[in-house]
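Colleague: whatever this is, show me its structure:
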Amino acid sequence: VFSSQMIIIAVVHALVVPLLVIFRKPLFAYIGLSPRYTIYLISLLSLMSLSITVEYTMQAFGHMKSLAFMKVLDKLVIIAILLLQYVMTGGLTLYQVIHAYILSHVIQIIYGFSSIGPSHCFPLVLDFKTLVRMLSYSWPLIFSLTTGYVIDWMDLFFIRYFLNVEDVGYYQCAYQGMLTLSNFLMTINVILFPIMITLIMKKETIKIKFIFQRMLPAFIIGLTLIFVVIVIFSRTAFTLVFGHAFIQSSVVFNVLMICLGLQGIIVVCSPVLSALELTKKMAAINILFGVGNVVFDLILIPIMGMYGAAVATSIGYTIGAVGFMAVAEKQLSLSLRHILIMPLIFGGFVGLYNTVDNPVIRFMAFLCVFVFVIITIRKYDYFNEQDVDKLGNLNIPTHVHRCITQLSRIVRVLKT
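Modeller: Below is the predicted model of the structure:
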């Protein structure tokens, strides 16, 4: 895992760093920074990439408690450094913020390496065949990683180009809120990946189909209910945390929540494709994902402002979800298209909630979604005891199975 990720990072840096150095003056002038920050930016990007690689390696070897502590430690270090600098100097500069993030990533990497151990970072025997296999698996993921950078940063560049700096701040606030919630979904991906590899190696097709036919629809339905509640209270939450000026961010955040509903499909499908070593198809889908996001950014931002960027990102996630699901359908000989109904309904709810300010109509929209979800659960008998018991046979972590059991009991009460 570590060596494959390092190959990806090395190739991406070999492509990106020269371009960053060559075009540093127009690039930094565009984002409003001095070119003297070039070395700091390159260092920060390199350390971020290495820390992400350490995280993946810790996940692969099941060091989840150490990983959770490392994530908390990272945030605490940043807060402590910034507070100390503020107390000592009476203010903060961008230079100090970058230094704080660099130091936090260094500490995170050192702690991660100490938890993993050197023997887990590199292959014990790196022969030619092992290297070729690692390269064949890793090179398509370079495009996936590049697409991730496109999705994370291009929205901000286009908003800055077409609009103003304030809109960049509003959008980034909403986007970071969405990314915070997406960490939960990435945890699902981490849990499923080793399970899928084991099931595919043992050729337990029935269990794999059970996950897609029973667990995936139930998972998307549960996410839809949770996200509807989050959307309802998003305006209040943003006002309390960031102030009244950031109400605009709550509207953008609501649109970006559609992305999370679609990401729920991606995080369940991607472990299967990874386990089957279909990285080329994953890369192709991710490229379409990124291209779609950029194209619709150019179309929608001039028309809708920063809300257009959120809609463009949602369209990109739709392309990704449909693509991953189509490949999974073909590989498993299943029909999964009906799963898209819930994200579609949630998207309609968000559109109505953002455009209509009448509390009665908003409540009726919530009631319609809630009733539809309950009818769907009752019709297909999702969250029943048999499904929960079967899920326990998939070797998922005990505390996760316990949480799912409690959740299924609550849902069964709602069904009645």
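
Colleague: going forward, measure contacts between C-alpha atoms and count neighbours the same way
Modeller: OK.

Colleague: can you give me the strands in the chain?
Modeller: Counting by DSSP state E, the chain forms no strands at all.

Colleague: for it, what's the longest helix?
Modeller: Of all segments of type helix in the chain, defined using DSSP state H, the longest is helix 165-201.

Colleague: what's the separation between residue 216 and residue 99?
Modeller: Using C-alpha to C-alpha, to the nearest Å, we find residue 216 at a distance of 42 Å from residue 99.

Colleague: meant to ask about residue 256
Modeller: If you go by C-alpha to C-alpha, the gap between residue 256 and residue 99 works out to 30 Å.

Colleague: ok, those two, which is more surrounded?
Modeller: Neighbours were tallied for residue 256 and for residue 99 using other C-alpha atoms under 10 Å; the higher tally belongs to residue 256 (26 against 17).

Colleague: next, count neighbours for the nearest residue to the more buried one once chain neighbours are set aside.
Modeller: Nearest residue to residue 256, sequence neighbours excluded (C-alpha to C-alpha, 6 or more residues apart in numbering): residue 310, at 5.7 Å. The local packing count at residue 310 equals 30, with neighbours defined by other C-alpha under 10 Å.

Colleague: likewise residue 409?
Modeller: Other residues lying near residue 409 total 14 when counted by other C-alpha under 10 Å.

Colleague: setting the sequence-adjacent residues aside, check what's closest to it.
Modeller: If the residues on either side of it in the chain are set aside, residue 409 comes closest to residue 383, at 7.9 Å by C-alpha to C-alpha, 6+ apart.

Colleague: report the contact partners of the one you found.
Modeller: Taking C-alpha atoms under 8 Å, 6 or more residues apart in numbering as the definition of contact, the neighbours of residue 383 are 218, 377, 408-409, 411-412.

Colleague: now do residue 309
Modeller: Residue 309 sits in contact with 155, 159, 296-297, 300-301, where contact means C-alpha under 8 Å, 6+ apart.

Colleague: scan these and report the most crowded one.
Modeller: Most surrounded of the contacts of residue 309: other C-alpha under 10 Å gives residue 297, at 28 neighbours.

Colleague: in contact with it, which residues?
Modeller: Applying C-alpha under 8 Å, 6+ apart, one finds that residue 297 lies in contact with 155, 158, 308-309, 312-313.

Colleague: just flag the most distant two among those.
Modeller: In terms of C-alpha to C-alpha, the contacts of residue 297 reach their longest pairwise distance at 158 and 313, which sit 12.3 Å apart.

Colleague: so what's the residue count around the closest residue to residue 191 other than its chain neighbours?
Modeller: In this structure, residue 191 finds its nearest non-sequential neighbour in residue 396, 7.0 Å apart by C-alpha to C-alpha, 6+ apart. Here the count is done by other C-alpha under 10 Å, and residue 396 has 14 residues near it.

Colleague: if I look at residue 396, how far off is residue 389?
Modeller: 11 Å.

Colleague: quick one: the residue nearest the centre of the chain from residue 83, how far?
Modeller: With distances taken as C-alpha atoms, centre = their mean, residue 182 lies nearest the centre of the chain, 4.6 Å away. When C-alpha to C-alpha is applied, the distance between residue 182 and residue 83 equals 27 Å.

Colleague: now do the contacts for residue 43.
Modeller: The contact partners of residue 43, taken as C-alpha under 8 Å, 6+ apart, are residue 102.

Colleague: what's stretch 327-338 in contact with?
Modeller: Under the criterion C-alpha under 8 Å, 6+ apart, external residues in contact with stretch 327-338 comprise 209, 212-213, 269, 272-273, 325.

Colleague: any idea of the mean pLDDT in that stretch?
Modeller: Per-residue pLDDT values across stretch 327-338 average out to 86.

Colleague: could you list the buried residues of that stretch?
Modeller: Residues of stretch 327-338 classed as buried: 327-329, 336 (neighbour count, 16 or more other C-alpha atoms under 10 Å).

Colleague: need the helices for the stretch 1-150 of the chain, in chain order.
Modeller: Counting by DSSP state H, counting those that start in this stretch, the stretch 1-150 of the chain forms helices over residues 2-22, 24-31, 38-60, 64-89, 94-116, 128-162, given from the N-terminal end onward.

Colleague: how about the stretch 201-350 of the chain?
Modeller: Along the stretch 201-350 of the chain, the segments classed as helices by DSSP H, counting those that start in this stretch run 205-210, 216-242, 247-275, 279-304, 306-332, 341-355.

Colleague: between those helices, which one is nearest to residue 186?
Modeller: helix 247-275 (6.8 Å).

Colleague: tell me which other helices or strands the closest one touches.
Modeller: Secondary-structure packing of helix 247-275 (3 or more C-alpha pairs under 8 Å, 6 or more residues apart in numbering; DSSP states H and E): helix 165-201, helix 216-242, helix 279-304, helix 306-332, helix 341-355.

Colleague: tell me the most buried of those?
Modeller: Mean neighbour counts were compared across these using mean count of other C-alpha atoms under 10 Å; the top stretch is helix 306-332, at a mean of 22.

Colleague: low-confidence ranges, the stretch 51-200 of the chain, go.
Modeller: Per-residue confidence of the stretch 51-200 of the chain (counting by pLDDT under 70) places the weak regions at 59-62, 64, 92, 94, 118-128, 130-153.

Colleague: can you list the buried residues of stretch 327-338 in a markdown table and add distance to residue 404?
Modeller: Below are the buried residues of stretch 327-338 laid out as a markdown table (distance: C-alpha to C-alpha, whole Å):
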| residue | distance to residue 404 |
| --- | --- |
| 327 | 28 |
| 328 | 24 |
| 329 | 26 |
| 336 | 22 |
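
Colleague: rewinding a little: Serialize the helices and strands packed on helix 247-275 to a markdown table and add fields for distance to residue 109.
Modeller: As requested, these are arranged in a markdown table below (distance: least, C-alpha to C-alpha, whole Å):
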| stretch | distance to residue 109 |
| --- | --- |
| helix 165-201 | 19 |
| helix 216-242 | 30 |
| helix 279-304 | 27 |
| helix 306-332 | 30 |
| helix 341-355 | 37 |
